[in-house]
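*Asks:* Next come a sequence and a model predicted from it.
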Amino acid sequence: ALPQLLQGRKVIVTAGGTVERLDPVRYITNDSSGKMGFAIARAARQMGADVRIIAGNTTAAPPEGVSVEKVGSAQDMYEAVMRHWEECSMLVMAAAVADYRPKEEAPTKLKKQGDTLQLELVKTVDILESLGQRKTKQFLVGFAAETDQLDRYAREKLERKNCDMLVANDVTMEGAGFGTDTNAVHIYDRNGLVEQLPVMSKDEVARRLLTAAAARMGGA
Ligand code: PMT
């Protein structure tokens, strides 16, 4: 059994990729399987937390005994998180949220026309950033999926999105990032680098990350 570091805490974990629809049969998404978010939810429960998962598109199996709310787009995920935000003491944004969505969602299947097709995309809501602006007691944990300059972008995201902790993964590294059972992360808090972890199971990453978070949380 794990130490009950999150006893009595309400924790929300987002997992998987958002789905941004173009028409009834087509959409933009990404390679997130949900494994990282589900591992965090499982570990949080084992540490005594009351856990809720808000999941986009996933291929992995969610942990047993944790309630899962399924959502589609970034906007849907934002609304679902907002419904539970007030009472939560920690939010972990492990989901891969689309930064852009098709400007229009066609009500009927788009017809094939000319030789080229231009898609217009517009920005989605940045869930983490808007919660960073309105947080009171909540401990906010963000992720950063990077392909280069991990340290620089991670610190910049932690600041801009007003996170308490940030977990950065280099998604080009073997055994790290999307779809794998393992990950290799750097964990930052507001003072800088906390831990630099080698490749290990996502379950172990989750335990390390939540242990570091629990040690930094206030009484909320
Ligand atoms: O699901 P798996 O297959 O196990 O893969 C795990 C993972 C690679 C998806 C995960 O470890 C990870 O890195 N998740 C974050 C992916 C991401 O969207 O990273 P980002 O650097 O683009 O975004 C930074 C942070 O802002 C993230 O916490 C993200 O959830 C959040 N965000 C991003 C855009 C947006 N519109 N709203 C957000 O809240």
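*Replies:* It's in.

*Asks:* How about the residues of the protein by the ligand?
*Replies:* With C-beta under 6 Å from any ligand atom as the criterion, the chain comes near the ligand at residues 32-36, 74, 93-97, 99, 124, 126-128, 142-145, 157, 169, 171, 177-179. Heads up, the C-betas are built off the backbone N, CA and C, glycines and all.

*Asks:* Each with direction, which strands does the longest strand anywhere in the chain pair with?
*Replies:* In the chain, taking DSSP state E as the definition, the longest strand is strand 139-146. Strand pairing for strand 139-146, determined by DSSP bridges: strand 90-93 (parallel), strand 165-170 (parallel).

*Asks:* a markdown table for these, including mean neighbour count and mean pLDDT?
*Replies:* Below are the strands paired with strand 139-146 laid out as a markdown table (neighbours: other C-beta atoms under 10 Å; pLDDT from 0 to 100):
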| stretch | mean neighbour count | mean pLDDT |
| --- | --- | --- |
| strand 90-93 | 26 | 98 |
| strand 165-170 | 25 | 97 |
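
*Asks:* For residue 191, find the nearest of these.
*Replies:* strand 165-170 (10.7 Å; C-beta to C-beta).

*Asks:* one step back: avg pLDDT for the longest strand of the chain?
*Replies:* For strand 139-146, mean pLDDT rounds to 97.

*Asks:* got the contact list for that strand?
*Replies:* Residues from elsewhere that reach strand 139-146 (C-beta atoms under 8 Å, 6 or more residues apart in numbering): 36, 89-94, 96, 128, 131-132, 150, 153-154, 157-158, 161-171, 177-178, 209, 213, 216-218, 220.

*Asks:* Starting from that strand, tell me the next helix or strand along the chain.
*Replies:* Later in the chain than strand 139-146, the nearest helix or strand by DSSP states H and E is helix 150-160.

*Asks:* How far away from the center of its chain is that next one?
*Replies:* For helix 150-160, the distance from its own C-alpha centre to the chain's C-alpha centre is 16 Å (C-alpha atoms, centre = their mean, to the nearest Å).

*Asks:* Show residues contacting it.
*Replies:* Applying C-beta under 8 Å, 6+ apart, the set of residues contacting helix 150-160 from outside is 129, 142, 144, 146, 163, 165-166, 168, 170, 186, 188, 190, 192-193.
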